[in-house]
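Peer 1: Compute the structure for the input listed below.
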Amino acid sequence: MPCRNTRGQASAPAGRGRGRSASRELNLTTAQVLERFAAGPQTGVFTDGACTGNPGPGGWGAVFVRDGAVVARRHGHDPATTNNRMELKAVIEGLRLLSPGDEVTLYSDSQLVVNTLTKWAAGWKERGWRRKEGEVKNLDLVQEAYALLLERPRVRVQWLRAHDGTRWNEYADSLATAYLRDQV
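Peer 2: As a prediction, the model looks like this:
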């Protein structure tokens, strides 16, 4: 997900795969997202992170949905952070919504986070939490997310295209940007 500039606009250009979030551009509440969007998976954990500037103030959101109904949701913010930290925090909180036996897909629109958890973290752990090229960025959050994922072996982590009108991705984005509004 692109960061927001100081005017609250997406900093990456609109386009396939890096599109602007309608929920963010319109600063939609979660209720407004539900009225506007219906597409996409209706069961899973959906996570998103956001920031205004990078670094800057940011937020994260996670929602657990079963058959189109919200089971649980969490969101929060940090006054000084980065987009990648908020994406990782969202995944951590999304995993915490699940019990170790749950079989569900966790969706993130951050390819970096998905690749970190599904491709790279195991090797980094074997090397003492080091990349071949040096240190692992955001190591504290990477370790926490990976440990939670290992405790939930039936959770599948999957990338979801950012902001293409997928209802629950837009909802997670709205939670992540709630720190910018008076209403969630």
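Peer 1: Test my guess that Pro79 contacts Pro57.
Peer 2: Yes. Under the criterion of CB atoms under 8 Å, Pro79 makes contact with Pro57 at 5.2 Å. From N, CA and C alone the C-beta is placed, and that goes for glycine too.
Peer 1: Neighbour count: these two, which is higher?
Peer 2: Applying other CB atoms under 10 Å to Pro79 and Pro57 shows that Pro57 carries more neighbours, namely 17 against 8.
Peer 1: Determine the three-state secondary structure at that one.
Peer 2: At Pro57 the chain is in strand, as set by DSSP: H, G, I helix; E, B strand; the rest coil.
Peer 1: right, and it touches Asn83 too?
Peer 2: No. Pro57 is not in contact with Asn83 according to CB under 8 Å; the separation is 11.3 Å.
Peer 1: intersection of neighbour lists for these two?
Peer 2: By CB atoms under 8 Å, 6 or more residues apart in numbering, Pro57 and Asn83 have these common neighbours: Cys51.
Peer 1: pLDDT (mean, whole number) over the lengthiest helix in the chain?
Peer 2: Determined from DSSP state H, the single longest helix within the chain is helix 83-96. Mean pLDDT, helix 83-96: 98.
Peer 1: Same check on stretch 140-148?
Peer 2: Rounded mean pLDDT across stretch 140-148 is 98.
Peer 1: buried stuff in it?
Peer 2: 141-142, 144-146, 148 (16 or more other CB atoms under 10 Å).
Peer 1: Flag the shaky bits of this protein, pLDDT-wise.
Peer 2: Within the chain, the ranges that satisfy pLDDT under 70 run 1-25.
Peer 1: tell me the centre residue of the chain?
Peer 2: Asp48 (2.3 Å; CA atoms, centre = their mean).
Peer 1: Just confirm that residue contacts Thr166, I think it does.
Peer 2: No. Using CB under 8 Å, Asp48 is not in contact with Thr166, being 10.8 Å away.
Peer 1: on that earlier part again, now find how far off-centre the longest helix of the chain is within its chain.
Peer 2: 6 Å (CA atoms, centre = their mean, to the nearest Å).
Peer 1: so what's Arg156 bridging to?
Peer 2: Thr105 (DSSP bridges).
Peer 1: Can you give me every residue that contacts it?
Peer 2: Residues in contact with Arg156 (CB under 8 Å, 6+ apart) are 104-106.
Peer 1: swap the cut-off to 10 Å and go again
Peer 2: Arg156 is in contact with 44, 103-107, 118, 149, counting by CB atoms under 10 Å, 6 or more residues apart in numbering.
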